[in-house]
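Colleague: Provided below for reference: sequence and predicted model.
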Amino acid sequence: MEFAYEFRNIEYAKKLVEKLNNISTEKINIMEVCGTHTMAIFRYGIRDVLPPNINLISGPGCPVCVTPQSYIDAVLTLSTKKDVIIATFGDMMRVPGKKGSLNKKKEKGFDIRIVYSPMDCLTMASQNPSKKVVFLSVGFETTAPMTSLTVIEAKKNNIKNLFFAIAHKIVPPVMKILAQDKELNIDGFLLPGHICVISGTKPYEFLSEDYNIPGVVTGFEPLDILQGLNTLVNLISKKNYRIMNEYKRVVKTGGNPYALEYLNKTFRIVDSSWRGIGRIHASGMEFNSKYEDFDAFKHFEIEYEDYDGSPGCKCGEILKGKIKPTDCPLFKKICSPENPVGSCMVSSEGACATYYRYHKETI
C-alpha cells in the first residue's frame with residue numbers, strides 16, 4: 001500500500017492540477033483511449049479538477065464494448081450445440097445479442113462456465129474428453145498473448161477438443177480512424193497503458209508523423225493520469241507532435257518481446273469489425289495456418305454477417321466519442337447495469353457503466 005500511496009499523494013496532485021491550469025487557456029480536446037482510464041478518471045474525480053478548457057473524450061478502448069453483436073449471437077449458437085462447453089471471462093456473460101445473452105443461456109441449462117485465464121481451458125478440456133470446449137477469446141493486444149500461449153500448449157499436448165472463438169483486436173488502426181475524423185477534432189491522445197505494455201510505443205508514432213497529433217502513454221493511478229495530462233497539454237500548446245512515455249516503470253519503447261513473439265507465432269493480421277465503427281483494415285487477429293484447426297468458427301462451420309446495435313442504443317456514437325453516455329435516450333431509463341441494452345453498459349471499462357456509477361447529475 002505504501003507504493004500505491006506514492007501515486008496518490010494529495011499534495012503532489014494539487015501541484016499537478018495547478019500546473020495544468022497555467023499551461024494553456026485554449027480549448028483542448030483529449031481522448032483517453034482506454035476504458036480503464038475512463039473509469040480511473042471518474043473514480044478519482046479528475047474531471048472535476050481540470051481547467052474548463054480541457055475536454056476529455058472517452059474512446060473505444062473497451063474490448064467487450066467494441067465486439068459486434070453478431071459475434072455474441074454466433075457464440076450463443078455455439079452454446080446450443082451438443083456436447084459443447086462455453087468458457088468465458090465473466091464480463092461477457094451479460095452482453096446482449098439479438099438472441100439473448102450467455103447468462104440467459106446458462107439459466108436455461110446450457111454449459112457455460114466462467115474462467116479467469118484461457119489456460120484454465122486446458123484442464124477443462126482434459127477433464128471433459130467427450131466435450132468440445134470453446135473459449136471466447138475477446139480482447140486487445142493485452143490479452144491475446146495468453147491465447148497464444150494456451151493454443152501452443154494445446155497443440156504441444158495434443159488436446160483436440162479445445163477451440164477458440166477469436167475476437168481479438170488491435171488498437172492503432174481504430175485510432176487512425178479517430179485521428180482522421182474532423183468532427184472529433186482531437187488535439188491529443190492519452191494512450192492505453194495496458195496495451196502499450198505489450199506493443200510498446202512505436203505502433204503509435206504514426207499519430208505524430210502523419211496527423212500532427214501528440215500522444216502520451218500513462219498509467220492508471222491519479223498521479224499517473226495528472227502527469228500524463230500535464231505532459232500532453234504541454235506538447236499540444238507548444239505544437240510539439242511527439243509520442244511520449246510517462247509509464248516507464250512498466251512500458252518499454254519496443255514493448256514486451258516475449259509476448260510479441262508468441263503473437264507472431266500463432267496469429268495473422270486480418271480486417272475486423274468494431275461495434276458502431278465498422279470494418280477496419282488490419283485491426284484484428286485470427287490463427288495462422290499452423291493453429292487454424294483450433295478456430296471454433298471454422299471447426300463448427302459457423303459463418304455470420306456482421307451487424308451490431310440494439311434499437312435506440314447509441315453505443316456506436318459513444319465508442320467513437322461523438323456523444324456522451326448521458327446523451328443516449330436509453331441511459332438510466334431503459335439501460336442500466338442490471339438491464340444492459342448495449343455492450344457499453346456491461347463491462348466495468350465501458351463508458352456507459354462508468355458514467356452510470358460515477359457521473360454527477362447537474363441541476
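Modeller: In hand now; what should we look at?
Colleague: from the rest of the structure, what touches stretch 70-77?
Modeller: Residues outside stretch 70-77 that contact it (C-beta atoms under 8 Å, 6 or more residues apart in numbering): 86, 95-102, 105, 134, 136, 138, 165, 167, 273, 297, 302, 304-308. Just so you know, the C-beta spots here come from the backbone N, C-alpha and C atoms, and that holds for glycine as well.
Colleague: before we move on, what about stretch 311-322?
Modeller: Contacts of stretch 311-322 (C-beta under 8 Å, 6+ apart): 31, 57-60, 62, 65-66, 178, 181, 183-184, 186, 274-277, 308-309, 323-325, 327-330, 334-335, 341-344, 351-352.
Colleague: mind giving me the ChimeraX command for buried ones among the residues you listed?
Modeller: Typed into ChimeraX, the line below selects the buried ones among the contacts of stretch 311-322, using 16 or more other C-beta atoms under 10 Å:
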select :31,57,58,59,60,62,65,66,178,184,186,274,275,276,277,308,309,324,325,328,330,335,341,342,343,344,351,352
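Colleague: just to revisit the earlier point, what subset of the contacts of stretch 70-77 is buried?
Modeller: Using 16+ other C-beta under 10 Å, the buried members of the contacts of stretch 70-77 are 86, 95-97, 99, 101-102, 105, 134, 136, 138, 165, 167, 273, 297, 308.
Colleague: let's see which of the residues you listed end up in helices.
Modeller: Leu102, Lys105, Phe297 (DSSP state H).
Colleague: which single one of the buried ones among the contacts of stretch 70-77 is nearest to Ala282?
Modeller: Ser273 (12.8 Å; C-beta to C-beta).
Colleague: bridging residues for the closest one?
Modeller: Arg279 (DSSP bridges).
Colleague: so it versus Arg279, what's the distance?
Modeller: 5 Å (C-beta to C-beta, to the nearest Å).
Colleague: show me whatever sits in contact with both of those two.
Modeller: Asp306.
Colleague: excluding sequence neighbours, find me the nearest residue to Val84.
Modeller: Lys132 (5.2 Å; C-beta to C-beta, 6 or more residues apart in numbering).
Colleague: next one: phi and psi at the residue of the chain most remote from its centre?
Modeller: Largest separation from the mean C-alpha position in the chain: Ser130, at 34.2 Å (C-alpha atoms, centre = their mean). Ser130 adopts backbone torsions of phi -90, psi 0, taken as degrees, to the nearest 10.
Colleague: residues in contact with it?
Modeller: Going by C-beta under 8 Å, 6+ apart, Ser130 touches Asp83.
Colleague: quickly find the element holding Thr231.
Modeller: helix 222-237 (DSSP states H and E).
Colleague: so what touches that helix?
Modeller: 6-9, 12-13, 16-17, 19-20, 23-24, 26, 28, 30, 37, 40-41, 44, 46, 50, 54, 187-190, 193, 214-219, 240-242, 244, 246-247.
Colleague: before we move on, what about stretch 90-110?
Modeller: Against stretch 90-110 from outside (C-beta under 8 Å, 6+ apart): 64, 67, 69-70, 72-73, 75-77, 79-80, 86, 88, 112, 114, 136, 138, 310, 340-343, 346-348.
Colleague: filter the residues you listed down to the ones in helices?
Modeller: Reading helices off the contacts of stretch 90-110 with DSSP H, I get Gln69, Ser70, Ile72, Asp73, Val75, Leu76, Thr77, Ser79.
Colleague: which residues touch the nearest residue to Ser348 once chain neighbours are set aside?
Modeller: Using C-beta to C-beta, 6+ apart and skipping residues adjacent in sequence, the residue nearest Ser348 is Met39, 6.5 Å away. By C-beta under 8 Å, 6+ apart, the residues touching Met39 are Ser348, Glu349, Thr354, Tyr358.
Colleague: following the helix or strand of the chain with the lowest mean pLDDT, which helix or strand shows up next?
Modeller: Least confident element among the helices and strands of the chain, by mean pLDDT, DSSP states H and E: helix 2-5 (a mean of 60). Beyond helix 2-5 on the C-terminal side, the first helix or strand identified by DSSP H and E is helix 10-23.
Colleague: just after that next one, pick out the following helix or strand.
Modeller: In N-to-C order, the element after helix 10-23 by DSSP H and E is strand 28-34.
Colleague: could I get the average pLDDT for that next one?
Modeller: Across strand 28-34, pLDDT averages out at 96.
Colleague: buried residues in it?
Modeller: Ile28, Ile30, Met31, Glu32, Val33, Cys34.
Colleague: strands paired with that strand, and their directions?
Modeller: strand 54-61 (parallel), strand 188-191 (parallel).
Colleague: dump it to CSV, restricted to CA.
Modeller: Extracted in CSV, the C-alpha atoms of strand 28-34 (Å, rounded to 0.1, in the frame of the first residue of the first chain):
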residue,chain,number,x,y,z
ILE,A,28,-8.2,21.3,-26.0
ASN,A,29,-9.8,18.0,-26.9
ILE,A,30,-8.1,15.0,-25.4
MET,A,31,-9.3,11.4,-25.9
GLU,A,32,-8.5,8.8,-23.3
VAL,A,33,-8.5,5.7,-25.5
CYS,A,34,-8.6,3.1,-22.7
